[in-house]
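Visitor: sequence first, predicted coordinates after that:
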Amino acid sequence: PGELLRYIAALFAEAVDTPEFLGQDELRSSLLEVIDSRLKQSADIEDLKKNAVSVLGTIADRMRELKTSRKEALIQHCLAYIDEHYMEDLSLESVSAVFHFSSSYFSNYFKSKMNINFSLYLTQIRLAKAKELLEGSNDKVYQIAAKLGYQDVKYFNRVFKKEFSLTPEEYRTISRSMTRR
């Protein structure tokens, strides 16, 4: 089994020397140790088969975990990008292009991770910022709309009123009167 063991160990070492494990030096080292120690425990061919299957399962598990953690990191990058660029003319297409996804894949991915669609999330970010600006600045509504990425102040007014049942001016008046008390 010595030559076969070296061959299997080399195959598994190649499996952890793939792009999936790029930048994961600690994980790669750990997996190489697992490969080496488990395969060396093999007394005969049957043991070698059993241990090889076990090692293969460990490698597959680590690949799955790595993929999941990268997907989680990716959604955080997407959210950070949206939070930094909400005032620009963002669209599903423009954001998906930044992350090199098709717009349909990105739409499904975003919804599956956030339980809300992209445009609704973007609207919520913008409206939260609108409330802050209405409460804390003397900017005109059209200036606030422009700062939030709305090209059309009438559209901004409609979106705001639909969400809060108040126009932006009404909201500003009420919020300021409540803070004076």
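Guide: Done, it's in. Everything numeric here is computed off the predicted structure, so don't read it as measured data.
Visitor: residue 59 versus residue 53, what's the distance?
Guide: 11 Å (CB to CB, to the nearest Å). From N, CA and C alone the C-beta is placed, and that goes for glycine too.
Visitor: who has more neighbours out of those two?
Guide: residue 59 (19 against 10; other CB atoms under 10 Å).
Visitor: wait, the more buried one sits on residue 18?
Guide: No. Applying CB atoms under 8 Å as the test, residue 59 and residue 18 come out as separate, 9.9 Å apart.
Visitor: for residue 41, what are phi and psi?
Guide: phi -80, psi -10 (degrees, to the nearest 10).
Visitor: same check, this time on the one 3 residues further on
Guide: Summarising the backbone geometry of residue 44 under the convention degrees, to the nearest 10, its torsions are phi -150, psi -180.
Visitor: what's the next secondary structure element after whatever helix or strand residue 126 lives in?
Guide: Per DSSP states H and E, residue 126 falls inside helix 118-136. Using DSSP H and E, the helix or strand that follows helix 118-136 in sequence is helix 141-147.
Visitor: which strands and helices lie in contact with the helix ranked longest in the chain?
Guide: Across the chain, the longest stretch assigned as helix under DSSP state H is helix 45-85. With contacts defined as 3 or more CB pairs under 8 Å, 6 or more residues apart in numbering; DSSP states H and E, the packing partners of helix 45-85 are helix 2-15, helix 25-40, helix 92-98, helix 103-114, helix 118-136.
Visitor: now that helix, how far from the chain's geometric center?
Guide: On the basis of CA atoms, centre = their mean, to the nearest Å, helix 45-85 sits 15 Å off its chain's mean C-alpha point.
Visitor: and for stretch 88-103?
Guide: Distance, centroid of stretch 88-103 to centroid of chain: 13 Å (CA atoms, centre = their mean).
Visitor: renumber starting at 53 from here on
Guide: Taking 53 as the first residue, the last one we looked at is stretch 140-155.
Visitor: how many residues are close by residue 207?
Guide: 11.
Visitor: quickly find the element holding it.
Guide: helix 205-216.
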